[in-house]
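Peer 1: pasting a predicted model and its sequence here:
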Amino acid sequence: MPASLSVEIGSLRLANPILVASGTFGYAREMAGMVDVGRLGGIVPKTITQAPRAGNAPWRTIETTAGLLNSIGLDNDGIDAFIDHHLPYLGSLGSPAVVSIAGRTAEEFAQMAERLSQYDEVAAIEMNISCPNVSGGVDFGICPESCRDLIAGVRPHCSKPMLAKLTPNVARIADVAAAAEEGGADGISAINTLLGMAVDWRRKKPLLGNIMGGLSGPAIKPVALRCVYQIAQRVKIPVIGIGGIGTIDDMMEFLVAGASAVQIGTANFNDPTVSTRILDQLPGALAEIGAASVAEIIGTIQTAPPAPANVTGAPVA
């Protein structure tokens, strides 16, 4: 009997735990000629805002060692264009559309969530409270109280499953995740990018037009794994792992560490078919460890307590 690949994020049921991350897959049209998008567990299209945004000045992306710096600045055509042009197409693909939204104020978040909740094509809403590339982009995500109040304020206006996408640029990410849960979030997406920069030392100038940007890719995977583990130990709602996932081993590590699903991001730029390739490998990985389903391996990491130490600080033999 084949292994069961389905997972649940609140009331959102996914055929498999592999989604594509916001900002790395366009609105799916861009990838449809290369990827069988209907096989994906879910699609998170590019973040939308209430009004159109032109984004940041170039340069907007810089390759780094084992990663990518981006400072796109939430360039998008606004919610009206998304609903009229992109949403009908997303709804035709056969994969749940998890719509990513960003607001300047709590009122904007609530207005957008309420409006999107009216559409059957919207399977869930991801609250992007963690973008480091726009002014105020992380304001709601760096303070537990602000995060809780935002989620609690939007919750009555949102009838869809609601995910809080968190920033790693905080001291205690598990505290922010717990606040999102308290506010009524159905799941946590972790992590968004790490704040970084690149410099041209000869010209004595930053390479990004916005000076700083978000670091993604393999370089941030250890940080993302740590964050997912800490969050999963703290909250009861599902966690979606994001950060440096590009192989079946990467994905399995996140599942064992506590993620119920993953979003594949930067790897899409190098290989647009990476998501379906990992999906093809998933049943074999489950069989290798004798698992009959994805659900049974979530959060199964075994962490032994540290060995007792003697007065010199050395472990006791």
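Peer 2: Cool, the structure landed. Numbers count the residues shown, from 1 in each chain.
Peer 1: so where's the stretch 101-250 of the chain shaky on pLDDT?
Peer 2: 133-138 (pLDDT under 70).
Peer 1: any chance you could map the helices in it?
Peer 2: Ranges of helices within the stretch 101-250 of the chain are 106-116, 144-154, 173-183, 221-234, 248-257, based on DSSP state H, counting those that start in this stretch.
Peer 1: by contact count, what packs against whichever helix or strand comes after the shortest one?
Peer 2: Spelled out, that is helix 248-257. Next in sequence after helix 248-257, counting helices and strands by DSSP states H and E, comes strand 261-264. Applying 3 or more CB pairs under 8 Å, 6 or more residues apart in numbering; DSSP states H and E, one finds that strand 261-264 contacts strand 18-20, strand 239-242, helix 248-257, helix 274-288. In short, each C-beta sits where N, CA and C put it, glycine included.
Peer 1: distance from the second one to the middle of the chain?
Peer 2: Its chain's average C-alpha position is 6 Å from that of strand 239-242, according to CA atoms, centre = their mean, to the nearest Å.
Peer 1: ok, that strand: who's next to it in the sheet?
Peer 2: When sheet partners are counted by DSSP bridges, strand 239-242 sits next to strand 187-190 (parallel), strand 261-264 (parallel).
Peer 1: which SSE is the closest residue to H86 other than its chain neighbours in?
Peer 2: Nearest non-adjacent residue to H86, counting by CB to CB, 6 or more residues apart in numbering: Y27, 4.4 Å away. Following DSSP H and E, one finds Y27 outside all helices and strands.
Peer 1: can you tell me which residues contact Y27?
Peer 2: P45, K46, F82, H86, Y89, L90 (CB atoms under 8 Å, 6 or more residues apart in numbering).
Peer 1: for E30, which three-state class applies?
Peer 2: Three-state call for E30 (DSSP: H, G, I helix; E, B strand; the rest coil): helix.
Peer 1: tell me how far it lies from T61.
Peer 2: Distance of E30 to T61, given as CB to CB, to the nearest Å: 16 Å.
Peer 1: again with G33
Peer 2: Per CB to CB, G33 is found 22 Å from T61.
Peer 1: and for Q111?
Peer 2: Distance of Q111 to T61, given as CB to CB: 31 Å.
Peer 1: follow-up on the earlier one: of the strands paired with strand 239-242, which stretch is the most buried?
Peer 2: With neighbours defined as mean count of other CB atoms under 10 Å, the strands paired with strand 239-242 peak in mean count at strand 187-190, which reaches a mean of 30.
Peer 1: ok, and what's touching that one?
Peer 2: Contact with strand 187-190 is made by 9-10, 12, 126, 161-166, 168, 173, 177, 180-181, 224, 227-228, 231, 235, 237-243, 260, 263, as judged by CB under 8 Å, 6+ apart.
Peer 1: go with 6 Å
Peer 2: Residues from elsewhere that reach strand 187-190, judged by CB atoms under 6 Å, 6 or more residues apart in numbering: 9-10, 126, 163-166, 177, 227-228, 231, 237-240.
Peer 1: likewise stretch 270-290?
Peer 2: For stretch 270-290, the external contacting residues (CB under 6 Å, 6+ apart) are 3, 16, 18, 20, 31, 34-36, 39-40, 248, 251-252, 264, 267.
Peer 1: most neighbours of all the residues you listed, which one?
Peer 2: Using other CB atoms under 10 Å as the neighbour criterion, V20 leads the contacts of stretch 270-290 with 29 neighbours.
Peer 1: now do the contacts for that residue.
Peer 2: Taking CB under 6 Å, 6+ apart as the contact definition, V20 lies against I43, I264, S275.
Peer 1: go on, A57?
Peer 2: Contacts of A57 (CB under 6 Å, 6+ apart): G209.
Peer 1: may I ask which helix or strand encompasses it?
Peer 2: In this assignment (DSSP H and E), A57 forms part of neither any helix nor any strand.
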